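K.L.:
Below are the sequence and a predicted model for it; my questions follow.
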There are 2 protein chains.
Amino acid sequence: MSPSSAARRDDKADAPAMKPPMRDALVSAAFQLFVERGYEQTTVDDIVALAGVGRRSFFRYFPSKEDVVFPDHERCLADLTAFLAASDGADEPVARVCDAARLVFGMYAENPAFSVQRYRLTREVPGLRAYELSVVWRYERALAGYLRERFADRREGTLQADVVAAAVVAAHNNALRSWLRAGGRGGAAAVDHALGHVRAVYGGPAEGSPAPYAVRPVTPDGDGDVVVVVCRRGAPLWRVVQELEPVLGGRD
Amino acid sequence: MSPSSAARRDDKADAPAMKPPMRDALVSAAFQLFVERGYEQTTVDDIVALAGVGRRSFFRYFPSKEDVVFPDHERCLADLTAFLAASDGADEPVARVCDAARLVFGMYAENPAFSVQRYRLTREVPGLRAYELSVVWRYERALAGYLRERFADRREGTLQADVVAAAVVAAHNNALRSWLRAGGRGGAAAVDHALGHVRAVYGGPAEGSPAPYAVRPVTPDGDGDVVVVVCRRGAPLWRVVQELEPVLGGRD
């Protein structure tokens, strides 16, 4: 693609997904100024002046000054939605949403220095914090929407879907925050570990593990104080939990 | 308290907690106009004109037009924080945060018609949706902060705290949304039920149940396909899950 045709592509609606140079230049200029002067003290005029482009170019890529702080979330949300839509129904649903959450971490990990800089910024500017919460909410709703479809035949499927989506987002963000506080050093191991925790509680059996399973709580006669559970290795933990809950008793 | 002394109290910083008549009048006027003209088309000037007070009175109670939409959240957040702080450490932590979440539902249930009206408004106005997300985030952080302290001696206590807080909020909001969609009819049973789900997964034994517990996964020699779990009735489900997870295997 020649530079001139690349420039023409910049005018297209899908240009943000292409990460064209002008867009990158605007993001770089914006962050340079946010760090130097502070977010509130920086205007869109300052940003376009430093980037050497006109105001219209800025608003072609970013609806507002806030949006330049999160230049990749729309693309990432689209990727995540496409990834979930591409599920063929054979995936274990909780594993699938955990993998989807890893896409979000991947976006942060693509450019650790930028992610850390932005993290500091969002902690200082309440408006950006609110913007970020809206973005997180959209990720969570995308995960929940997928799970609601997959859990459609479960009793209380929508409740389970909402709770699992929230747990996945919370686990992801817990690990992400640690990673950001550590300056963006280290790999995805902490995120994998945190998501593994959610999957262990709510996930079904991994692919290749025995599909049929049995959970049989046995409470010996004469001694109501001990519960014996027999289950097949590879039984989904949530199924065991579902069987155990009423048997363990003692709550409410 | 005489009317005049009540009016003097209106000038105090703690006035919002008192729900003085002028504050209520502003909320009523605001919602009347939001419904008649739409939120965006209503100005603070319109609201104070209808309520028959000056602009300064409005801003004494509400920092912005958005805040008048959520007049009780600050009080509720303070109540929730105080409720958690008043825990003597003998409460089962997950039960405590579930009870805290019930305070939030209680605020909605205090005035169902108003809550339903506001629900419709927040779904139509993106700015209000963002505001509400910030409020929900503050509730969630309050619950997580309490749980982090209570889980301080657990391995991965902060991860568990964040995930449980998110699960509680998601379960609460799932039931709350159903209640709002049904026009605010019905009691707190759906919220209790949804929170019970989270408590069954993450909660410890209820008060009065045997405190010490044992979880012993037994895998018979020669047949790695069956897992036997022996646990005391009243064992916290999350502890059983923690023990079972590595034994069940088959994931990742």
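P.N.:
Happy to help now that I have it. Numbers count the residues shown, from 1 in each chain, chains lettered A, B, ... in the order given.
K.L.:
A:V230 in helix, strand or coil?
P.N.:
strand (DSSP: H, G, I helix; E, B strand; the rest coil).
K.L.:
what's across from it in the sheet?
P.N.:
Beta-bridge pairing for A:V230 (DSSP bridges): A:R216, B:V228.
K.L.:
Give the burial count for A:Y119, as a bare number.
P.N.:
19 (other C-beta atoms under 10 Å in any protein chain shown). C-betas here are computed from N, CA, C, even on glycine.
K.L.:
Might one say that it is in contact with A:S178?
P.N.:
No - using C-beta atoms under 8 Å, A:Y119 makes no contact with A:S178, being 11.3 Å away.
K.L.:
Residues touching stretch A:114-134, excluding its own?
P.N.:
Outside of stretch A:114-134, the residues within contact range by C-beta atoms under 8 Å, 6 or more residues apart in numbering or on different chains are A:31, A:34-35, A:39-40, A:66, A:69-70, A:108-109, A:177, A:180-181, A:183-184, B:129-131, B:133-134, B:137.
K.L.:
7 Å instead, please
P.N.:
Applying C-beta atoms under 7 Å, 6 or more residues apart in numbering or on different chains, the contact partners of stretch A:114-134 are A:31, A:34-35, A:39-40, A:66, A:69-70, A:108, A:180, A:183-184, B:130, B:133-134, B:137.
K.L.:
which one of those sits closest to B:A166?
P.N.:
Nearest to B:A166, judged by C-beta to C-beta, of these is B:W137 at 10.3 Å.
K.L.:
ok, now which ones touch that closest one?
P.N.:
A:L133.
K.L.:
Settle this for me: A:V168 is touching A:C98, isn't it.
P.N.:
Yes - A:V168 is within contact range of A:C98, at 6.1 Å (criterion: C-beta atoms under 7 Å).
K.L.:
what residues are shared contacts of those two?
P.N.:
In contact with both A:V168 and A:C98: A:195, A:198, using C-beta under 7 Å, 6+ apart.
K.L.:
can you give me the strands for the stretch 101-250 of chain A?
P.N.:
A:215-218, A:226-232 (DSSP state E, counting those that start in this stretch).
K.L.:
A:G127 - how many residues pack around it?
P.N.:
Using other C-beta under 10 Å, A:G127 has 14 other residues around it.
K.L.:
whoops, I mixed them up, A:L143
P.N.:
Neighbours of A:L143 (other C-beta under 10 Å): 30.
K.L.:
List the contacts of it.
P.N.:
A:97, A:100, A:165, A:168-169.
K.L.:
In helices, which of these fall?
P.N.:
A:97, A:100, A:165, A:168-169 (DSSP state H).
K.L.:
If we check chain B, which of those residues are in contact?
P.N.:
A:V169 (C-beta under 7 Å from any C-beta of the partner chain).
K.L.:
CSV for the contacts of A:L143, including pLDDT and neighbour count?
P.N.:
Shown next, in CSV, are those (pLDDT from 0 to 100; neighbours: other C-beta atoms under 10 Å in any protein chain shown):
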residue, pLDDT, neighbour count
A:V97, 97, 34
A:A100, 97, 23
A:A165, 98, 28
A:V168, 98, 27
A:V169, 98, 26
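K.L.:
what bits of the stretch 151-252 of chain A have low per-residue confidence?
P.N.:
The stretch 151-252 of chain A contains residues with pLDDT under 70 at A:204-225, A:232-239, A:241-243, A:245-252.
K.L.:
one more time with 50
P.N.:
A:208-213, A:222, A:250-252 (pLDDT under 50).
K.L.:
any chance you could map the helices in it?
P.N.:
A:157-181, A:189-202, A:237-248 (DSSP state H, counting those that start in this stretch).
K.L.:
Tell me, how many residues neighbour whichever residue of the stretch 1-150 of chain A sits closest to chain B?
P.N.:
Proximity of the stretch 1-150 of chain A to chain B (C-beta to the nearest C-beta) peaks at A:L133, 4.5 Å away. When neighbours are counted by other C-beta under 10 Å, A:L133 registers 19.
K.L.:
per-residue confidence for it?
P.N.:
A:L133 is assigned a pLDDT of 93 by the prediction.
K.L.:
Not counting sequence-adjacent ones, nearest residue to it?
P.N.:
Nearest residue to A:L133, sequence neighbours excluded (C-beta to C-beta, 6 or more residues apart in numbering or on different chains): B:L133, at 4.5 Å.
K.L.:
A:E140 now?
P.N.:
In space, A:E140 is closest to A:V169, 4.7 Å off (C-beta to C-beta, 6+ apart).
K.L.:
for A:R138, same thing?
P.N.:
Closest to A:R138 by C-beta to C-beta, 6+ apart is A:L77, at 5.9 Å.
K.L.:
who touches the residue nearest to the spatial centre of chain A in this structure?
P.N.:
In chain A, the residue lying closest to the centroid (C-alpha atoms, centre = their mean) is A:A101, at 3.8 Å. Shown in contact with A:A101 (C-beta under 7 Å, 6+ apart): A:168, A:172, A:195.
K.L.:
try 10 Å this time
P.N.:
A:80, A:139-140, A:143, A:165, A:168-169, A:171-173, A:175-176, A:191, A:194-195, A:198 (C-beta atoms under 10 Å, 6 or more residues apart in numbering or on different chains).
K.L.:
What's the PyMOL line that selects buried ones from those?
P.N.:
To isolate the buried ones among the contacts of A:A101 in PyMOL, judged by 16 or more other C-beta atoms under 10 Å in any protein chain shown, type:
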select buried, chain A and resi 80+139+140+143+165+168+169+171+172+173+175+176+191+194+195+198
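K.L.:
and stretch A:193-202, how far out from the chain's middle?
P.N.:
Chain-centre distance of stretch A:193-202: 14 Å, with C-alpha atoms, centre = their mean, to the nearest Å.
K.L.:
just stretch A:55-71 next, same as before
P.N.:
Taking the mean of its C-alpha atoms, stretch A:55-71 sits 22 Å from the chain's own mean (C-alpha atoms, centre = their mean).
K.L.:
residues of that stretch that come out buried?
P.N.:
Buried, per 16+ other C-beta under 10 Å, within stretch A:55-71: A:57-58, A:60-62, A:65-71.
K.L.:
could you redo the residues you listed as JSON lines and give each row pLDDT and secondary structure?
P.N.:
Below are the buried residues of stretch A:55-71 laid out as JSON lines (pLDDT from 0 to 100; DSSP: H, G, I helix; E, B strand; the rest coil):
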{"residue": "A:S57", "pLDDT": "91", "secondary structure": "helix"}
{"residue": "A:F58", "pLDDT": "94", "secondary structure": "helix"}
{"residue": "A:R60", "pLDDT": "93", "secondary structure": "helix"}
{"residue": "A:Y61", "pLDDT": "93", "secondary structure": "helix"}
{"residue": "A:F62", "pLDDT": "94", "secondary structure": "coil"}
{"residue": "A:K65", "pLDDT": "93", "secondary structure": "coil"}
{"residue": "A:E66", "pLDDT": "91", "secondary structure": "helix"}
{"residue": "A:D67", "pLDDT": "92", "secondary structure": "helix"}
{"residue": "A:V68", "pLDDT": "94", "secondary structure": "helix"}
{"residue": "A:V69", "pLDDT": "93", "secondary structure": "helix"}
{"residue": "A:F70", "pLDDT": "92", "secondary structure": "coil"}
{"residue": "A:P71", "pLDDT": "90", "secondary structure": "coil"}
